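>>> sequence below, structure please.
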Amino acid sequence: MSDLGDRATRLLAHLGASAILLVEWETSLQIRLGYPHMPNGVSSKSRFFLIPDAQLRKVQDLAAELGFSPAHEDVLPSVYPCELSGLATGITSDEVVPILIEDGLPPSLPPSARTVPLPAACATFARIAAREKRASPVRSCVIQQLSSVVAYSLFDMSYEGDYMEILPNHQPLSEAEMLEIEHAVKEIKSLKFRKDEEWIKDLLVDIYTGKKTFRDIPCEKGIEMGLVFTVPGPDHV
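Numbers count the residues shown, from 1 in each chain. Now for the predicted structure:
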């Protein structure tokens with residue numbers, strides 16, 4: 001193991017011993033929720049964690065003891081939504097769950113590491129999108145993350161990358177497609193959201209029954225610039 005890898009492993013051990021709450025986020029979480037495609041240049045082994053504000057200073061001190069320091073913007077520019085938004089995700093400690101060994105707890109992670117289940121992840125993506133202006137790059141990124149984790153968690157995406165015939169919009173859905181949508185909507189309705197965020201569940205149901213689109217997620221008022229983005233999802237929906 002390289003010196004950098006050894007120090008990173010030691011840092012994770014120190015964070016665990018110090019009861020630092022590490023919560024999977026960004027690509028680490030998306031992979032766990034079934035989304036297989038990572039941005040260019042990002043390894044599937046890369047790990048991203050959320051840390052409570054109250055523990056940030058402790059984490060910086062532990063990292064400094066091992067020779068780590070915060071990266072300056074000119075050295076490591078912010079590219080991920082959690083970096084660009086500049087705001088907290090709003091996830092609470094009672095919404096995260098342990099990462100079990102059978103679920104793929106990496107050996108280097110302390111047992112105290114946590115992950116975000118699908119309902120809390122969906123709510124967080126929608127929450128972040130709703131506080132951004134419609135033309136915000138952060139909004140387009142988190143909406144793509146939201147649509148991706150829902151699609152890969154609840155729909156059969158095994159065909160992706162294969163040759164597909166694009167059917168006209170007026171052609172009725174097949175029985176198999178109708179059943180798949182019905183199953184996904186049933187699963188979405190069973191998800192538990194905060195009482196004041198039930199609208200997210202209702203919106204997802206409307207999206208996957210064709211009544212609304214992801215553009216209907218609320219946004220901060222501002223000048224619209226005609227931002228166009230592509231979101232994966234089931235055919236014809």
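
>>> every contact and neighbour count from this point should use C-alpha atoms.
Fine.

>>> what about Ala126, how many neighbours?
Under the neighbour criterion other C-alpha atoms under 10 Å, Ala126 is assigned a count of 24.

>>> in this structure Ile51 contacts Trp25, no?
No - in this structure Ile51 lies outside contact range of Trp25 using C-alpha atoms under 8 Å: 10.1 Å.

>>> between those two, who's got more neighbours?
Neighbours per residue, other C-alpha under 10 Å: of Ile51 and Trp25, the larger number sits with Trp25, 19 against 14.

>>> kindly provide the distance from that one to Ser46.
11 Å (C-alpha to C-alpha, to the nearest Å).

>>> Pro111 now?
Distance, Pro111 to Ser46, using C-alpha to C-alpha: 18 Å.

>>> so between those two, which is more surrounded?
Set side by side, Pro111 and Ser46 show more neighbours around Pro111, with 17 against 9, by other C-alpha under 10 Å.

>>> ok, now which ones touch that one?
Residues near Pro111 by C-alpha atoms under 8 Å, 6 or more residues apart in numbering: 16, 98-99.

>>> who wins on neighbours among those?
In terms of neighbours by other C-alpha under 10 Å, those top out with Ile99 at 20 neighbours.

>>> hmm, Arg114 and it touching each other?
Yes - if you go by C-alpha under 8 Å, Ile99 and Arg114 touch, sitting 5.5 Å apart.

>>> which of the contacts of Pro111 sits closest to Lys58?
Lys58 lies nearest to Gly16 out of the contacts of Pro111, by C-alpha to C-alpha, at 11.9 Å.

>>> contacting residues for Leu118?
Leu118 makes contact with 33, 149, according to C-alpha under 8 Å, 6+ apart.

>>> I appreciate the help and will end here.
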